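> Need the 3D shape of this:
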Amino acid sequence: MSDQAATDSEDLNRAEIDAALTGSPFAGRMHWFRTIDSTNTHALEEARLGAPHGSFYVADEQMAGRGRSDHSWHSGVGEGLYLSVLLRPDMAAADLVWLPLLTGLAVHRAIREVTALTTDLRWPNDVLIESRKVAGILVEAQSESGRATAAVVGIGVNLHQRSFPAGLSTPATSLDLESGRWVSRQQLLLAVLLALHDELAVLDAARDRDAALAAIPGRIAEASTWVKGRRVNVHGPQPCSGVTEGLDARGFLLVRTTDGVVTVMTGGIRKAID
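Modelled structure (predicted):
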């Protein structure tokens, strides 16, 4: 699918975006679509075809946007930031677990910079404002011989929505609703990409990569009320209930249950109802 210039009220300015991204791997690598099935699906195909590190894909509307576990992501035209970033990270496939956490930190920072709002990170991939979901992250990767060959980081942020579909597992909100003003998609896009670049640059520049990775759980704990001391229900392949006890050295969630501490490696969490 070729790029299509969008014509909504929030047209992206390529020249401004490229100038702002100078010095990052993202400069000159934007692919912008008016409508697409899923930016992540497209980016994964582009990765297979050899697209370079730093390519990123933005859509005004997704017809088949999705989150983790094949959950749909409501992606109405002009309502949000729908972004997928193609990375070719120098890391072991086992370390890809850190990417959603680093992306969460980047989105947390970007939203604060653009709106002054404080967000809460719910392991492993949700960004909340109080109890309401404002953004989600989906990382899909390709690997070979134990090394990552490509990772697509999908980011969806609610910007302008005033209402949401019924039956959502977590109540949702938008940055406009929470800030009381119109929030620029382009400004948020740039803030997210630059924050993500900074997060990855720290790892790339680290003399001791293991030490740099070991610092991430503590940083997540500072930005999250969910990873320690929260009574939760875990859903997915490791269902259990208990109190969160932080992240382990690999980025997995520790939950103390009546049967002992469970290391949750996949799935999601919700607040337990007493």
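
> which residues touch the nearest residue to Ser131 once chain neighbours are set aside?
Once flanking residues are discounted, Ser131 sits nearest to Pro171: 6.2 Å by CB to CB, 6 or more residues apart in numbering. C-beta coordinates here come from the backbone N, C-alpha and C atoms, glycine included. Contacts for Pro171 (CB atoms under 8 Å, 6 or more residues apart in numbering) come out as 131-133, 164.

> for the protein, which spans come out with low pLDDT?
1-9, 65-75, 274 (pLDDT under 70).

> Return the distance of stretch 215-224 from the chain's centre.
15 Å (CA atoms, centre = their mean, to the nearest Å).

> Same check on stretch 10-29?
20 Å.

> now stretch 203-211
Stretch 203-211 sits 22 Å away from the centroid of its parent chain (CA atoms, centre = their mean).

> hang on, the earlier thing: Phe164 versus the residue nearest to Ser131, what's the distance?
Counting by CB to CB, to the nearest Å, the gap from Pro171 to Phe164 is 8 Å.

> same thing with Thr266?
Distance, Thr266 to Phe164, using CB to CB: 26 Å.

> higher neighbour count, those two?
When neighbours are counted by other CB atoms under 10 Å, Thr266 and Phe164 differ, and Phe164 comes out ahead with 17 against 14.

> Quick check: the more buried one touching Ala172?
Yes - Phe164 sits in contact with Ala172 when judged by CB atoms under 8 Å, with a separation of 4.5 Å.

> Give me the neighbour count for the residue lying closest to Glu130 once chain neighbours are set aside.
Distance criterion CB to CB, 6+ apart; nearest residue to Glu130, sequence neighbours excluded, is Asp120 at 7.3 Å. When neighbours are defined as other CB under 10 Å, Asp120 has 18 of them.
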